[in-house]
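Asks: predicted model follows, preceded by the sequence.
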Amino acid sequence: MSQSYDRGLIEDFGRWQEFSAGMWAWVLHKFTGWVLIGYLFTHIAVLSTAIPAATGDPAIYTGTLQSLEQLAIVRVLEVGLLSVAVFHILNGVRLLFVDLGVGLDTQDTSFYASLVLTGAIVVASVPTFISGAF
């Protein structure tokens, strides 16, 4: 006889409170991975349609990129991209160590450390990204 498991309603957001640090690490790692894949494809699509050969004038291409860099929203999105990439890298290194058997007892602590380190790197980098936008 098979047993069934009542998973509750999809709308039951109370289940998120039961997530441990390991589950949040998994969810955030998957989310940041998908964001990076989406960015990669978008980046390739935009650059492939804006190559200088299409316009015939490299100055138009350069001017377009420089004007985009001056937009505040682009600078904010760059900070977001940095935070996603840094967390994904740090959590990936953490997972590598866990897979090698190093730090199995301190997985929660290392996850929180990767979050704190991501925050510190992003906060320290904000002046670099925001300085020319405002």
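Replies: Great, that's in hand. Residues are numbered from 1 along each chain as shown.
Asks: tell me who's in contact with the spatially most central residue of the chain.
Replies: For the chain, residue 84 is the residue whose C-alpha lies nearest the centre (CA atoms, centre = their mean; 1.9 Å). By CB atoms under 8 Å, 6 or more residues apart in numbering, the residues touching residue 84 are 32, 35-36, 39. All C-beta atoms are positioned from the backbone trio N, CA, C, and that covers glycine.
Asks: could I get the buried residue list for the helix or strand harbouring it?
Replies: For residue 84, the host element (DSSP states H and E) is helix 72-99. Buried residues in helix 72-99, counted by 16 or more other CB atoms under 10 Å: 75, 78-79, 82-88, 90-91, 94-95, 98.
Asks: and if you look at stretch 28-36?
Replies: 28-29, 32.
Asks: now the residues you listed as CSV including secondary structure?
Replies: Putting the buried residues of stretch 28-36 into CSV (DSSP: H, G, I helix; E, B strand; the rest coil) gives the following:
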residue, secondary structure
28, helix
29, helix
32, helix
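Asks: ok, the residue lying closest to residue 78 once chain neighbours are set aside - contacts?
Replies: The spatially closest residue to residue 78, leaving aside those adjacent along the chain, is residue 129, at 5.1 Å (CB to CB, 6 or more residues apart in numbering). The contact partners of residue 129, by CB under 8 Å, 6+ apart, come to 75, 78-79, 82.
Asks: mind putting the contacts of residue 84 into JSON lines with pLDDT and secondary structure?
Replies: Output for those, formatted as JSON lines (pLDDT from 0 to 100; DSSP: H, G, I helix; E, B strand; the rest coil):
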{"residue": "32", "pLDDT": "97", "secondary structure": "helix"}
{"residue": "35", "pLDDT": "97", "secondary structure": "helix"}
{"residue": "36", "pLDDT": "97", "secondary structure": "helix"}
{"residue": "39", "pLDDT": "95", "secondary structure": "helix"}
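Asks: got the buried residues for the helix or strand hosting residue 111?
Replies: Using DSSP H and E, residue 111 sits in helix 107-130. For helix 107-130, the neighbour count (16+ other CB under 10 Å) marks 107, 110-111, 114-115, 118, 122, 129 as buried.
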